[in-house]
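Chemist: any chance you can model this:
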Amino acid sequence: MGTIRKQPQRACIGCGEMKDKKKLIRVVKTPEGEFVLDTTGKKNGRGAYLCPSEECLEKAIKTKGLDRSFKMAVPKEVYDRLREEWNALASK
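Modeler: Residues are numbered from 1 along each chain as shown. Reported below is the predicted structural model:
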């Protein structure tokens, strides 16, 4: 008889909905201070989670969700780079 394991839940910083961790995309602030998209969910650093939809990304940018998650002001260039990485990921 197999046991059913609970999936870890995380809140999307765009829409605020709680979803399975594996269904979300992680944005990581590395120890060096760089912000990157972590598709594997295993990179070292502080993370925030987003639904894999363009609307949630735009909402997180508009409401400064990353600023709140990382408790610091995130430069506009970081948001622009994340949007570019997001679009490259979506086109795959």
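
Chemist: how about low-confidence regions in this structure?
Modeler: Scanning the chain with the threshold set as pLDDT under 70 gives 1, 92.

Chemist: wait, doesn't residue 51 sit right on residue 15?
Modeler: Yes: with contact defined as C-beta atoms under 8 Å, residue 51 counts as touching residue 15 (6.2 Å). Quick note: C-beta positions are derived from backbone N, CA and C, even for glycine.

Chemist: same drill for the two, tell me which one is more crowded.
Modeler: A count of neighbours by other C-beta atoms under 10 Å puts residue 51 above the other of residue 51 and residue 15, at 19 against 15.

Chemist: give me the neighbour count for residue 23.
Modeler: By other C-beta under 10 Å, neighbour count at residue 23 equals 12.

Chemist: show me what contacts residue 20?
Modeler: 7, 8, 9, 10 (C-beta atoms under 8 Å, 6 or more residues apart in numbering).

Chemist: residue 9 is in contact with residue 22, isn't it?
Modeler: No: under the criterion of C-beta under 8 Å, residue 9 is not in contact with residue 22, lying 10.5 Å apart.

Chemist: which of the two has more neighbours?
Modeler: residue 9 (12 against 9).
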